[in-house]
Every structure is written in structure tokens, then in C-alpha cells.
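[1] dropping a prediction and its sequence here:
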Amino acid sequence: MKILLAEIFASYTQKTIGEKLKKLGHEVIEKKYYTPEDNYKDERIVDMIKADIKSVGAECVFTVNIWPPVARACNMLRVPYVAWSYDSPQNLPSDEDLNYDTNFLYIFDRIEAEMYNERGIERVFHMPLAADTERWDKFSSNGNIYDISFLGSLYESTLPGLISGMSEYNRGYVNGAALAQQKIYGYFVIDEIIDDGLIKSISEDFKKANKKAGKDIFSENITKKQLAYSIASYVTYTDRLSLLRVLGSKFDMHLFSAVKEETRPLLSGISVHEYADYDTKMPIVFKNSKINLNPSLRIIRSGISLRCLDVMGCGGFLLSSYQPELAENFEDGKEIVLYTSIEDAVAKADFYLRNDELRESIAKAGYNKVKNEFTYESRLEKMLEKIKGS
């Protein structure tokens with residue numbers, strides 16, 4: 001099949017997907033489509049994609065993440081559009097371009113995919129992510145240098161700013177929702193706590209705050225999705241910071257992240273390193289860490305993040321917060337280790353640091369599971385087979 005692999009933004013998986021599609025015997029034409037406008041709405045992308053489909057004779061267009069302009073272009077020319085997202089949730093302005101019969105849109109989070117299906121969007125499907133063990137095998141570990149490491153963002157949240165514009169009641173309600181979510185792992189309770197009535201009330205608060213200030217400080221059109229993400233990112237920030245601080249007070253804790261200067265005083269006792277590049281430094285960190293942490297982004301409702309699969313794909317030991325799809329696909333205590341509270345994470349970190357043989361056997365089992373069952377080749381074949389079946 002002749003596939004136009006369109007790069008709408010820089011992504012971790014783009015290069016590997018291109019290589020694996022070629023390995024599967026497909027002719028792949030790779031092109032970048034960067035424009036200064038909104039990539040979700042820019043009609044120039046539609047025109048460029050259409051022109052390139054015609055010029056190269058593409059039988060399919062493939063992107064990392066879902067891009068409505070690409071969907072529109074493919075639908076106009078009746079060419080299959082395959083998108084495979086490694087972000088969750090999808091930052092889409094609307095559902096308008098999702099239900100074309102030329103769409104084959106894949107999301108790694110099963111519950112999020114089901115939420116689209118429940119809204120009548122039948123062209124969104126569930127497809128877990130993958131890891132390229134063959135690629136990561138080329139990196140050497142040089143021994144275990146770090147006891148515990150976390151590679152990733154601490155996350156910043158707009159929630160403190162948003163709360164400042166709310167009434168006392170709504171502020172208390174949203175703070176209570178965040179505290180409730182903080183205590184629950186593996187289930188996004190915010191979906192049930194936030195309703196349209198709350199959003200309407202907060203919008204009224206913001207109108208009053210803007211009128212009082214004499215200028216537009218707050219968005220009066222805040223949506224349920226925006227508030228949910230703001231709460232989730234705030235809970236993730238407090239999660240990660242709290243976990244790292246406790247582990248840093250007890251163990252050799254290393255953080256690889258782009259940390260703001262004002263945050264550094266909060267990381268006392270933690271060795272802070274610059275962010276590790278995905279292609280060159282990340283696999284070395286995962287291989288050189290006795291324990292790799294995955295405090296999941298809280299708005300990922302069920303799915304297995306790319307970090308988890310890359311840790312295991314590098315042969316690293318994974319200590320992750322509970323996620324339903326992790327628990328379904330990997331045996332806890334045999335292939336991975338899951339925790340359900342900060343206290344649980346600390347206790348398990350202590351136990352596995354003192355039990356090298358068991359820790360290493362779990363890491364090996366996790367690696368074998370990913371190598372055999374979470375491959376790019378098998379995922380891509382399934383996605384492309386669905387086109388033939390349609």
C-alpha cells in the first residue's frame with residue numbers, strides 16, 4: 001500500500017511508525033505540514049494534503065494523533081485516513097469531522113474511545129500503544145546508577161488561577177472534587193462530579209469577575225472538558241510532587257524534567273537532571289534505574305501510557321500508579337508493580353530496592369510481554385487490515 005505519512009506536529013512515535021510501515025512492505029511517503037495557524041482548523045492543511053494525495057497517488061494517509069483537516073481532505077478524495085493517538089484526552093475542538101466513513105481513528109485509552117462511541121462517533125476505535133524493543137536493545141545500561149527515577153513533566157495547572165475567579169461555594173466544590181480524585185487511583189471520578197449546572201454557575205462567576213475587573217481575565221465560555229483537564233493536571237502535579245518528595249527523603253531519587261526555577265526549592269533531597277531526550281537519553285535512564293516511576297496523568301482514564309511501555313521495552317522495572325488496562329494486560333507483582341496510594345508506592349519501592357533478584361525477574365518478564373505482545377508491527381497490521389475489511 002502507498003501511504004502518505006503526514007507529520008502535523010513533532011511526535012515521539014512518528015519516526016518509528018515510518019520505519020515499521022516500510023518494514024511491513026508498504027511504500028511510505030513522509031511529509032511535514034507545519035503552518036502558523038491552528039492545526040485543528042487550518043484549511044491550508046486540507047489543500048496541501050489533497051494536493052499530495054493526488055501527486056503521489058496515496059492509497060491511505062496516516063498521522064500521529066487525530067487532525068480534523070486531514071480527515072476532511074481524505075473524505076473529500078475518498079481515501080482512508082488512519083490516525084493513532086498517544087495523547088489523552090484528545091484536544092479536539094468538536095466531533096464534527098470524526099464520523100466520516102473514510103476515518104479509522106485509534107485512541108490508546110479504552111474508556112475515552114467508549115466515550116466517543118457513546119456520543120455516536122463510531123469511527124473512533126481503541127488501540128493500545130506499542131514499544132520498539134529492537135530499537136531500545138541497541139542501548140546499553142552500564143549498570144544500575146539510579147535507585148529510583150522519574151522521567152517526565154511535573155505538570156502545571158491553570159486550576160489555582162481559575163479558582164480565584166469562582167464564588168466561595170464553587171471554589172469549595174472544585175477543591176473538594178480535586179481532593180476526592182487525589183484519593184482514587186484508576187478511576188476518573190471527576191466525570192461524575194462535574195455537571196452542566198456547575199459549569200454554568202462558574203461561567204456566571206467569571207462574568208461577574210470580569211465585570212468587576214473591567215477587563216476579560218477569565219473565559220466565560222469554560223467547558224466541562226477544560227475544567228476536568230485543569231483539575232486532573234493539578235491533581236497530577238500534587239501527586240507527582242508529593243511522591244517525589246517522600247521518596248527523596250528516604251531513597252536515592254532522580255528526576256529528569258524541565259523544572260522551573262521557582263519549583264526547585266520544593267525538590268530538596270531529589271537529584272534534578274535536565275529532561276532526557278526521547279531518542280538518545282531516555283532509554284539509558286530507564287535501563288540505568290533500579291525502579292522507574294509512572295505516576296500517571298490522572299485524566300488518562302484507563303490506558304497504558306507510552307512511558308510505561310518504553311520503560312518495560314528498555315528492560316526497566318516499572319512501578320506505576322494503578323491503571324485498569326495495565327492491570328488487565330500485565331500481572332501485578334510478576335511483570336509490573338502497581339500502587340494505589342503514595343504510602344503503598346513508598347512501601348513497594350523500599351521492598352523492591354532490597355530484593356534485587358525479584359525486581360530483575362519482574363523487569364525481565366515485563367520486557368518479554370512487551371516484546372511479544374506490544375509491537376508496532378502487530379498494531380499497524382491490525383489498523384491497516386481494518387481498512388481492507390471495510
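    Received it, and whenever you're ready, just let me know what you need.
[2] specify the local secondary structure of Arg135.
    Three-state call for Arg135 (DSSP: H, G, I helix; E, B strand; the rest coil): helix.
[3] burial measure for it, as a count.
    17 (other C-beta atoms under 10 Å). Every C-beta, even on glycine, is put in place using the N, C-alpha and C of the backbone.
[4] can you classify the residue nearest to it when sequence neighbours are not counted as helix, strand or coil?
    Nearest residue to Arg135, sequence neighbours excluded (C-beta to C-beta, 6 or more residues apart in numbering): Thr16, at 6.8 Å. With three-state DSSP as the basis, Thr16 sits in helix.
[5] list the contacts of Thr16.
    Asp132, Arg135, Tyr376 (C-beta atoms under 8 Å, 6 or more residues apart in numbering).
[6] please determine how far it is located from Gly313.
    Distance, Thr16 to Gly313, by C-beta to C-beta, to the nearest Å: 11 Å.
[7] give me the common contacts of the two.
    Common neighbours of Thr16 and Gly313 (criterion: C-beta under 8 Å, 6+ apart): Asp132.
[8] for Thr16, give its distance to Pro80.
    21 Å.
[9] now swap in Tyr116 and tell me
    Tyr116 sits 19 Å away from Pro80 when distances are taken as C-beta to C-beta.
[10] please apply the same query to Asp42.
    Asp42 is 22 Å from Pro80, by C-beta to C-beta.
[11] looking at those two, which one has more neighbours?
    Applying other C-beta under 10 Å to Asp42 and Pro80 shows that Pro80 carries more neighbours, namely 24 against 18.
[12] report the contact partners of Val235.
    Val235 sits next to Ala178, Gln181, Gln182, Arg298 when contact means C-beta under 8 Å, 6+ apart.
[13] pLDDT on the biggest helix by length in the chain, on average?
    Taking DSSP state H as the criterion, the chain has its longest helix at helix 224-250. Averaging pLDDT along helix 224-250 yields 95.
[14] what's the following helix or strand after it?
    Toward the C-terminus, helix 224-250 is succeeded by strand 253-256 as the next helix or strand (DSSP states H and E).
[15] so what's Ile336 bridging to?
    Asp332 (DSSP bridges).
[16] now the strands for the stretch 51-200 of the chain?
    Counting by DSSP state E, counting those that start in this stretch, the segments of the stretch 51-200 of the chain that form strands are 60-64, 81-85, 103-107, 124-126, 146-151.
[17] export those strands as JSON lines, with columns for distance to Leu162.
    Shown next, in JSON lines, are the strands of the stretch 51-200 of the chain (distance: least, C-beta to C-beta, whole Å):
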{"stretch": "strand 60-64", "distance to Leu162": "30"}
{"stretch": "strand 81-85", "distance to Leu162": "26"}
{"stretch": "strand 103-107", "distance to Leu162": "27"}
{"stretch": "strand 124-126", "distance to Leu162": "29"}
{"stretch": "strand 146-151", "distance to Leu162": "27"}
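[18] which residue is the nearest non-sequential neighbour of Ile193?
    Per C-beta to C-beta, 6+ apart, closest to Ile193 is Ala177, 4.5 Å.
[19] residues contacting that neighbour?
    Contact analysis of Ala177 by C-beta under 8 Å, 6+ apart lists Val189, Ile190, Ile193, Ile194, Ile231.
[20] can you say which of those are buried?
    Burial by neighbour count, 16 or more other C-beta atoms under 10 Å: within those this picks out Ile190, Ile193, Ile194, Ile231.
[21] and of these, the nearest to Arg245?
    If you rank the buried ones among the contacts of Ala177 by distance to Arg245 using C-beta to C-beta, Ile231 comes first, at 21.3 Å.
[22] quick one: residues contacting that closest one.
    Taking C-beta under 8 Å, 6+ apart, one finds Ser157, Leu159, Val174, Ala177, Ala178, Gln181, Ile190, Ile194 in contact with Ile231.
[23] which among those gets closest to Leu105?
    Taking C-beta to C-beta as the measure, Leu105 sits nearest to Ile190 out of those, at 23.9 Å.
[24] any idea how far that closest one is from His26?
    In terms of C-beta to C-beta, Ile190 sits 41 Å off from His26.
[25] please apply the same query to Tyr278.
    Taking C-beta to C-beta, one finds Tyr278 at 24 Å from His26.
[26] kindly report the same for Ser361.
    Distance of Ser361 to His26, given as C-beta to C-beta: 38 Å.
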